[in-house]
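1. no sequence on this one, just coordinates:
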Ligand code: NDP
């Protein structure tokens, strides 16, 4: 068979030419010039901040006096990143650590995101941090949010992190005090805390965003963002049973990973549900299962790290351990292997062909589940799998077979047109609703200032955002020249390290713990990355070898979304500066080498 025949639709089972054209036209119809600015930023001075960001529907805010004291390390954020960093610091013998957290308990994402159906999409044995250290094995292959939130509390207790943690507090400013070699951390509670080291563990999804739809402020009904779910209004709980919606007409805007998880519960409970969809998600099978107790009782020391490593390899196209043979994240890797096998490795553009095959299979699940072919067609994702965050759910698609659920396609108008006092306007029609649920996502890859939301001033009062005018500058994605003793834990490019965010952040946490304990044991007051070290990291590791892909491999040719900064990758950031695409294994090796040499290379010490 010659190479042309190998590409024929008969051999492949799909027509690459037709699919390429379809993908391009679906992308073009969604591109908006206002890209990131189409979203309403929820900074603390926004008129929407109190309702959608600062208020905590799960706990009353209590009064306290401001702290004016000093600690060795302040960790900003009490989610996975902050907790892992604090835990690894604790293991390295550093006890004087304070976590500052906006929520009323630990958990971060898993504190705030309690919407019905919330669940981890990476298998829990690899995703939940510190399982071996805390002696816990998750009950399910894919845990639900309440179990994950409980695990955050388990970590907090195990590592004694509650003792000095400060909750319900937003950091408002971080300033380097040159003479004292200390950071000053100010908060919305009037605190002025000093710290030798600051670890920014604010995570990837800490800032919700609203769609900047005209008229959004006019709506007179009820509304909330998915990460501040209002159970007082909906009734029920994370398991569903939203009885408060039995007589309500509800709209949900967005069909990303969050919406896919909560729409089944909304569909089950609401009198009428309108789902406003601009771009469909790819929805693969969940394949959840209860943990086998025998397997759990036979786990050997080191099992979790080993599993995380194997997951990372399988996801990035390496060997697939049997544990991940039916995992949705490895479907593409499996298809690459299968197609290579089927064609004797001769198919041109193998990865793209395997991606087409993968997405055809996922589109097939829609046909198999959704009865109305017109609705089914609207629910099919026409883009490469990692252009957008893949999702996994066994109940989402079936929800569109319900008579009380209507899918409203707003792709032609690049989103919902406007919001009125009474509801939502799409394609000229007004949908009157009692409640709007915003499943509109987070500032995950927005410009760094939007994402972090905290002014940070280093040596000479220079703003970190000015330092990053031409793109993010760091060494190892962790330390920044002119900002001594500051660590961007889980910031920069952790996403590039693989699908399992929790693995990448642990690698960084261990490295930060090593660095801080080493600095302490050498009596160092200030460790500043040299400009040359930053340059070297950027030029040698990112711009020549490591960089290139945007999140998850999404490029400018992808359908817009947060993975590719709404389709305009060059507009806000030099993405290569935030990208280490060689994967977590290579990153571990690189950091290990740096530590082995023991010279704290690239750091200017005082
Ligand atoms: P996303 O940013 O992925 O989705 C936002 C949704 O809002 C998209 O469907 C978007 O459409 C839609 N939208 C935005 N503006 C408009 C508009 N004007 N009109 C109509 N629709 C609009 O947010 P999510 O909260 O779903 O997910 C964010 C991330 O959080 C995930 O990608 C994942 O990393 C993480 N997450 C993880 C989970 C897990 O592991 N279990 C679960 C849930 C989330 P469009 O696509 O066209 O832009």
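-> Noted; the coordinates are in hand. All figures in this text were calculated on a predicted structure; none of them were measured in a lab.
2. Quick one: name whatever helix or strand follows the helix or strand of the chain with the lowest mean pLDDT.
-> Taking mean pLDDT, DSSP states H and E as the measure, the chain has helix 569-572 as its least confident helix or strand, at a mean of 55. Where DSSP states H and E defines the elements, the next helix or strand beyond helix 569-572 is helix 583-597.
3. What residues sit buried inside that next one?
-> For helix 583-597, the buried set under the neighbour-count rule, 16 or more other C-beta atoms under 10 Å, comprises 583, 584, 585, 586, 587, 588, 590, 591, 594. The C-beta positions use only the backbone N, C-alpha and C, and glycine is treated the same way.
4. who does that helix touch, helix- and strand-wise?
-> helix 303-315, helix 501-521 (3 or more C-beta pairs under 8 Å, 6 or more residues apart in numbering; DSSP states H and E).
5. at 6 Å instead, please
-> Helix 583-597 sits against helix 501-521, with contacts defined as 3 or more C-beta pairs under 6 Å, 6 or more residues apart in numbering; DSSP states H and E.
6. Output the buried residues of helix 583-597 as CSV; include the columns pLDDT and distance to residue 211.
-> Shown next, in CSV, are the buried residues of helix 583-597 (pLDDT from 0 to 100; distance: C-beta to C-beta, whole Å):
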residue, pLDDT, distance to residue 211
583, 80, 33
584, 85, 33
585, 88, 38
586, 88, 37
587, 90, 34
588, 93, 38
590, 93, 39
591, 95, 39
594, 97, 42
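7. Adding distance to residue 334 as columns, could you present those in CSV?
-> Written out in CSV, the entries for these read as follows (distance: C-beta to C-beta, whole Å):
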residue, distance to residue 334
583, 18
584, 20
585, 20
586, 23
587, 25
588, 25
590, 29
591, 30
594, 35
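8. and which of the residues you listed is nearest to the ligand?
-> Sorting the buried residues of helix 583-597 by distance to the ligand puts residue 584 at the head of the list, at 16.6 Å, by C-beta to the nearest ligand atom.
9. Report the contact partners of the closest residue in space to the closest one that isn't next to it in sequence.
-> Nearest-residue entry for residue 584: residue 497, 4.1 Å, with adjacent residues in sequence omitted and distances by C-beta to C-beta, 6 or more residues apart in numbering. Going by C-beta atoms under 6 Å, 6 or more residues apart in numbering, residue 497 touches 504, 584, 587.
10. If I look at residue 359, what pLDDT would I see?
-> Residue 359 is assigned 98 on the pLDDT scale.
11. I'd like the numbering to begin with 55 instead of 1 from here.
-> OK, 55 is where the count begins now, so the last one is residue 413.
12. Excluding chain neighbours, what is closest to it?
-> That would be residue 439: by C-beta to C-beta, 6+ apart, it lies 5.8 Å from residue 413.
13. From what I see, the one you found and residue 412 are in contact.
-> Yes: with contact defined as C-beta atoms under 6 Å, residue 439 and residue 412 form a contacting pair (5.3 Å).
14. list the residues that contact both of the two?
-> Shared contacts of residue 439 and residue 412 (C-beta under 6 Å, 6+ apart): residue 386.
15. so residue 106, which of the three states?
-> Secondary structure for residue 106, judged by DSSP: H, G, I helix; E, B strand; the rest coil, is helix.
16. Report how many residues lie close to it.
-> Using other C-beta atoms under 10 Å, residue 106 has 20 other residues around it.
17. One more: residue 140?
-> Counted with other C-beta under 10 Å, residues neighbouring residue 140 total 31.
18. Contact partners for it?
-> 129, 151, 153, 215.
19. And for residue 130?
-> Under the contact definition (C-beta under 6 Å, 6+ apart), the residues listed for residue 130 are 154, 225, 254, 256.
20. 7 Å - rerun?
-> Under the criterion of C-beta atoms under 7 Å, 6 or more residues apart in numbering, the contact partners of residue 130 comprise 136, 154, 225, 252, 254, 255, 256.
21. ok, it to residue 143 distance?
-> Distance from residue 130 to residue 143, counting by C-beta to C-beta, to the nearest Å: 14 Å.
22. what do those two both touch?
-> Shared contacts of residue 130 and residue 143, defined by C-beta under 7 Å, 6+ apart, are not found at any residue.
23. Per-residue pLDDT of the closest residue to residue 366 other than its chain neighbours, please?
-> Distances taken as C-beta to C-beta, 6+ apart put residue 552 closest to residue 366, at 4.3 Å, once the chain neighbours are dropped. Looking at residue 552, its pLDDT is 78.
24. One more: residue 597?
-> For residue 597, the model assigns a pLDDT of 69.
25. Next, the buried residues of the top strand by length along the chain.
-> As far as residue count goes, and with DSSP state E defining each element, the longest strand of the chain is strand 246-254. When burial is assessed from 16+ other C-beta under 10 Å, strand 246-254 yields the following buried residues: 247, 248, 249, 250, 251, 252, 253, 254.
26. One more: stretch 573-580?
-> Neighbour counts using 16+ other C-beta under 10 Å place 573, 574, 578, 580 of stretch 573-580 among the buried residues.
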